[in-house]
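Participant: generate a structure from the sequence data that follows.
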Amino acid sequence: MKQIARIMLLASVFYSTACVPSIHPFFAKGDVYMDANLLGTWSDQDGGETWTFIYQDDRTYLLTYTDDTGKTGAFTASLFRLGDRSFLDIEPLRSGDRDCGLYAEHLLSMHSVYLITIDGKKGRLAFLDPKYLKAALESDPTVLAHTVVDDQIVLTATTERLKAFLLSSANKPEAFVMSETIEKKK
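Facilitator: Next up, the predicted model:
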């Protein structure tokens, strides 16, 4: 029962965004690579949103995202490759009042995935389109294990199934249509 409550709480948080949440990562350890070109601060074309990447350890980055109102969020980010495409899996770092047991018991970090390209000081983050995913699941509900909470798809598939889905979708233009062009700040 606690697991369902946690999924419902987190799904409601992701509902207001374009992210497709997953309880499992989209990568295996052998898929991860580090790229020094990702380090630093990137901003959208308006300069209102920023993504700052620093090394967290030898396999992950610490990502600090700042929205156009100045609010920030911290994530663990893993850069990984499937086939000839690069992806970024982000997972929020738990925050809040850890002393409140009830609060802490209702938090579960979820993963989301982005197709990423970096070319020098320019990059592109493309989000897995929830409409594409919904259509794929309506066509074949067994393609990925999932649950639906308040009309939000929450992926429960294993990492191997998530990877297979990404590989089959990575070169379909309709799969990653919502994108953000970013530039590295000096």
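
Participant: I'd assumed Val20 was in contact with Pro130.
Facilitator: Yes: checked against C-beta atoms under 8 Å, the pair Pro130 and Val20 is within contact range at 5.5 Å. No exception for glycine: its C-beta is placed from N, CA and C like everyone else's.

Participant: SS state for the closest residue to Thr158 other than its chain neighbours?
Facilitator: Leaving aside its sequence neighbours, Thr158 sits nearest to His24 (C-beta to C-beta, 6 or more residues apart in numbering; 6.1 Å). Look at His24: counting by DSSP: H, G, I helix; E, B strand; the rest coil, its state is coil.

Participant: check contacts around His24.
Facilitator: Taking C-beta atoms under 8 Å, 6 or more residues apart in numbering, we find His24 in contact with 111, 155-159, 162.

Participant: helix or strand: which one has the residue nearest the centre of the chain?
Facilitator: Centroid-nearest residue in the chain, with C-alpha atoms, centre = their mean: Ser112, separated by 2.3 Å. Using DSSP states H and E, Ser112 sits within strand 112-119.

Participant: sheet-wise, list the partners of that strand with their directions.
Facilitator: The strands beside strand 112-119 in its sheet (DSSP bridges) come out as strand 85-92 (antiparallel), strand 122-127 (antiparallel).

Participant: now the ones you listed as a markdown table including mean pLDDT?
Facilitator: As requested, those are arranged in a markdown table below (pLDDT from 0 to 100):
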| stretch | mean pLDDT |
| --- | --- |
| strand 85-92 | 96 |
| strand 122-127 | 93 |
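
Participant: buried deepest among those strands, which one?
Facilitator: Highest mean neighbour count among the strands paired with strand 112-119 (mean count of other C-beta atoms under 10 Å): strand 85-92, with a mean of 20.

Participant: give me the contact list for it.
Facilitator: For strand 85-92, contacts defined as C-beta under 8 Å, 6+ apart pick out 25-27, 63, 73-81, 109-118, 125, 166, 170-171.

Participant: try stretch 33-43
Facilitator: Stretch 33-43 has contacts (C-beta under 8 Å, 6+ apart) with 49-55, 58-59, 61, 79-81, 118, 120, 123, 182-185.

Participant: quick one: the strands in the chain?
Facilitator: Counting by DSSP state E, the chain has these strands, from start to end: 40-44, 50-55, 61-66, 72-82, 85-92, 112-119, 122-127, 146-149, 152-155, 178-184.

Participant: take these and lay them out in a markdown table including distance to Ser139.
Facilitator: Formatted as a markdown table, the strands of the chain follow (distance: least, C-beta to C-beta, whole Å):
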| stretch | distance to Ser139 |
| --- | --- |
| strand 40-44 | 33 |
| strand 50-55 | 33 |
| strand 61-66 | 33 |
| strand 72-82 | 22 |
| strand 85-92 | 22 |
| strand 112-119 | 20 |
| strand 122-127 | 20 |
| strand 146-149 | 13 |
| strand 152-155 | 14 |
| strand 178-184 | 20 |
